[in-house]
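Chemist: any chance you can model this:
(2 chains)
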Amino acid sequence: MPRYSIGSSLGAMSLVTLVAVAALLTYGGVRATRAQEPARATRTAALPSPQAGSDLAGRFISHADHIQPGMVSPQVGFVLRNPHEGDAAAAATGAKLFIAYNCIDCHGADGTGAMGPSLADGRWHFGGTSSEIFESIYQGRPEGMPAWGALISPDQIWLLVTYLRSLEAGRDVTTENFTGKTVERSGH
Amino acid sequence: MSQSHARLATSVALVTSIVLGACSRTDDRGPDGAAGNGASTVSGTRIAAPRTGSAGEWAHPAGDYSNSRFSELDQISAANAKNLHAAWTFSTGVLRGHEGQPLVIANTMYLVTPYPNVAYALDLTQEGAPLKWKARPPNSQTAVGLACCDVVNRGAAFADGRIFYNLLDGHTVAIDAASGALLWQTRMGSLARGETMTMAPIVVKGRVIVGSSGGEMGVRGWIAALDATSGKEVWRAYNVGPDRDIKVGARFKPFYGRADTSADQGATSWPGNTWQQGGATVWGWLSYDPELNLVYHGTSNPGPWNGNQRPGDNKWSAAIIARDADTGEMVWAFQPTPHDVWDYDAVNENILVDLPIGGRTRKSLVHFDRNGFAYTMDRATGEVLVAKPFVPMNWSTGVDLATGRPALVAEKLPEEGKKKSFICPSLEGGKNQQPAAFSPTTGLFYVPTNNLCMDFEARQVAYIPGTPYIGGSAPEVAGPGGYRGEFIAWDATTGRKVWGIREPYPVWGGALATKGDVVFYGTLDGWFKAANARTGELLWKFKVGSGVVGNPITYLGPDGKQYVAVYAGIGGDMGLLIAGDVASNLPFDVRDRGSTLPDLARWTSWGGMLFVFAL
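Modeler: Residues are numbered from 1 along each chain as shown, chains lettered A, B, ... in the order given. Next comes the predicted model:
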């Protein structure tokens, strides 16, 4: 039974909306999408360059249903490089995009988490390297993360990645002690 | 969800060196020292549509069509409630916010969990209440990230041997109550547009009435009726847009603004086509008056929160609406907060009671709005009879009964690009989804309330389908007095608080009233409490396994004894606030948490348990 029929709902929408809807529906269209994807070995052989721009489109599997714990780096030997790595100005631009694309309303102010996971606590469901974060943004993730690769440019994704990598991590403490007047948190 | 809605964007920069007042009882007795109308049974007071069938069952989400959450059972009384003890428990296997309540029909208890929305049927006739069946309809994982305020479900409805409930991913399902077989599953909402479903249906004359969630996602809210046998949609009414879509026609007679008969006000009270992302979802509780044949529902906040992007009254967002149960036609509508720029919603339950007001019995509807006013209305016409604050508030100085509109306080009116400080109540409202109860034996309403205030900063936001459409942040702090919640008794004939039990945290669980003059409620820090309905005296409490955001029910067991049941499982909007780690899926994490209730983690962790109590 098709759970996500889309055809009838698209008539009156703007082009932008259409693009967005098409991207967002990739969760529902997993099976169809996957059937059209080349096998992984084929994909790995055709590595896009980090700056390849729209050439990246279609290079990733939209894998809403087959990511397993630990499989954060399915692309063995395939590392995308962030052209803005560590660039504070790029991070500042990324912070603006984080608001403009409504990331803030899912992931919270300063990426500290709300509807969606915190991006500032050093814990990553799908890996925290630049290339892994790029992949999460580009192709989306199972519990509602949209696939932005069809909506925004790879360079903007890199700016977002640069911003997220700049957020303070290391809040992952070992101990919370409630017995004093304030809650003390300690650890590494 | 806004379930409320979600203090998403609550910039968690925080505040709070607030000293928590210990839970304490307050007494707002009148000048003569009498505790208001609580002293005796109030003549002329009656639940509009008392439950039919056995008093020992709990067959509707709110016990009856009137949303009274009142039970005729009286074995548990103010005299013996101190002897309550845990009888048995059941783990739902899900560690998310357990809003809602079970049903009990024919010695079987039916539960629905938060996502993935598993349904269980427990056999109460056997020791240990073993499973009769469990059902887990397919439910898209994508929905998890589209729900504003945790992946809650507010419960199931029952009719003619079938259980009906909504899946988070926007489907309504019917399950055979005897076998657990999935009878039908109808797609009602679109995840691609950010629609989810969390509310509890009601069944009226063979039709299942359901509504959408997603007011923070720029959706266009609706309420719909499905044929209970086939699952086919019978009618669907949007709450914003042209008259045809929102089912405004010849029968539509709002009490206020009747002179303006212009067409399509659900569209013209918005700039351009902004109503298409106008929110006004139906994620709260439904009630039904069989005599008037009207279904009552609230609608959520308008989208986005930033009101500068949608000047106008934004009809019929943040509204109380009466619709014909057979056709969905709008009969009257009223906006407690026209042009809502505080995320005040109006989605809270409407309790249908007849009350003596002004020397005669009025067919009333009582509604405790997020905006902090308690409205006593004429449910046939939509006239506001009484509107008084039930919590500390400062955004309005009062409601003009001639127009129904609140008088605004300029410095508490959010504006794009400006930070407006310490607006009370916060966007969580004076009360949120936690439903109140009514007792005809005391004539009083029992209301779980919040006492939070917020700083509100609105900003421009672009609509991107399937992403939040909010445009604002609203960090919260404790309200005046430092306590964050209070369980109150309210006289809706005069608009007066009779007594209150102050709590250190918002009271996010619902109320239950009983003929034994005992009222029950649970707290975020994991206490389940019984209080004297007339005095507010605390009679008994028990520390359950997790914070309570669900609603107690009571029923008669096959052994003839009265039982009281409630979920323990913190979450919902308050789960987001307290946990901060809601998205990690690791309840045992040690990490910085949301700062609105930073100390709550000492008292509770995630859970998912049913607790059942008896004498």
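
Chemist: ramachandran coordinates for A:Ala95?
Modeler: phi -60, psi -40 (degrees, to the nearest 10).

Chemist: quick check: it touching A:Tyr163?
Modeler: Yes - using CB atoms under 8 Å, A:Ala95 is in contact with A:Tyr163, at 4.9 Å. C-betas here are computed from N, CA, C, even on glycine.

Chemist: residue contacts, the closest residue to B:Pro290 other than its chain neighbours?
Modeler: In this structure, B:Pro290 finds its nearest non-sequential neighbour in B:Ala49, 5.4 Å apart by CB to CB, 6 or more residues apart in numbering or on different chains. Neighbouring residues of B:Ala49 by CB atoms under 8 Å, 6 or more residues apart in numbering or on different chains: B:64-66, B:288-291, B:352.

Chemist: of all those, which two lie farthest apart?
Modeler: B:Asp64 and B:Glu291 (13.8 Å; CB to CB).

Chemist: who has more neighbours, these two?
Modeler: Neighbours of B:Asp64 and B:Glu291, each counted by other CB atoms under 10 Å in any protein chain shown, are more numerous for B:Asp64; the result is 23 against 10.

Chemist: just to revisit the earlier point, show the pLDDT at the residue nearest to B:Pro290.
Modeler: Listed pLDDT for B:Ala49 reads 87.

Chemist: for B:Pro587, same thing?
Modeler: If you check B:Pro587, the pLDDT there is 56.

Chemist: and what of B:Pro506?
Modeler: 94.

Chemist: over to A:Phe126?
Modeler: With respect to pLDDT, A:Phe126 scores 89.

Chemist: do you know how far it is from B:Gly194?
Modeler: Relative to B:Gly194, A:Phe126 is positioned 22 Å away (CB to CB, to the nearest Å).

Chemist: list phi and psi for the residue in the stretch 51-200 of chain B positioned nearest to chain A.
Modeler: Using CB to the nearest CB, the closest approach of the stretch 51-200 of chain B to chain A is made by B:Gly145 at 1.9 Å. Main-chain dihedrals, B:Gly145, degrees, to the nearest 10: phi -80, psi -10.

Chemist: ok, the closest residue in space to it that isn't next to it in sequence - contacts?
Modeler: In space, and not counting its chain neighbours, B:Gly145 is closest to A:Gly144: 1.9 Å by CB to CB, 6+ apart. If you count contacts by CB under 8 Å, 6+ apart, A:Gly144 has them with A:27, A:106, A:116, B:142-146.

Chemist: which of the residues you listed ranks first by neighbour count?
Modeler: Neighbour max across those (other CB under 10 Å) = B:Leu146, 34 neighbours.

Chemist: show me the shaky parts of the chain.
Modeler: In the absence of a named chain, chain A is used. Along chain A, the model assigns pLDDT under 70 to residues A:1-79, A:169-173, A:187-188.

Chemist: try chain B instead
Modeler: Checking chain B against pLDDT under 70 turns up B:1-41, B:575-595.

Chemist: phi, psi for B:Val112 please.
Modeler: Given degrees, to the nearest 10, the pair of backbone angles that B:Val112 has is phi -130, psi 130.

Chemist: number of residues surrounding B:Glu415?
Modeler: For B:Glu415, the number of neighbouring residues by other CB under 10 Å comes to 15.

Chemist: that one and B:Asn308 touch, don't they?
Modeler: Yes - if you go by CB under 8 Å, B:Glu415 and B:Asn308 touch, sitting 6.7 Å apart.

Chemist: quick check: neighbours shared by those two?
Modeler: Common neighbours of B:Glu415 and B:Asn308, using CB under 8 Å, 6+ apart, are B:Ala458.

Chemist: pairing partners for B:Trp499 in the sheet, please.
Modeler: B:Asp27, B:Ala489 (DSSP bridges).

Chemist: from chain A, how far out is it?
Modeler: Distance of B:Trp499 to chain A, computed by CB to the nearest CB, to the nearest Å: 31 Å.

Chemist: from what I can see that residue touches B:Ala489, true?
Modeler: Yes - assessed by CB under 8 Å, B:Trp499 is found in contact with B:Ala489 at 4.9 Å.

Chemist: of the two, who's got more company?
Modeler: Legend: neighbour count by other CB under 10 Å for B:Trp499 and B:Ala489, higher for B:Ala489 (31 against 26).

Chemist: is it true that the more buried one touches B:Gly536?
Modeler: Yes - under the criterion of CB under 8 Å, B:Ala489 makes contact with B:Gly536 at 6.2 Å.

Chemist: overlap in contacts of the two?
Modeler: Listed as contacting both B:Ala489 and B:Gly536 by CB under 8 Å, 6+ apart are B:498-500.

Chemist: can you name the residue of the stretch 201-350 of chain B nearest to chain A?
Modeler: The nearest approach of the stretch 201-350 of chain B to chain A comes at B:Glu216, 7.3 Å away (CB to the nearest CB).

Chemist: residues near that residue, how many?
Modeler: Neighbour count for B:Glu216, taken as other CB under 10 Å: 35.

Chemist: please name the nearest non-neighbouring residue to it.
Modeler: B:Cys148 (4.2 Å).

Chemist: so the residue nearest to the spatial centre of chain B, which of the three states?
Modeler: For chain B, B:Gln433 is the residue whose C-alpha lies nearest the centre (CA atoms, centre = their mean; 2.4 Å). Under DSSP: H, G, I helix; E, B strand; the rest coil, B:Gln433 falls in the coil class.
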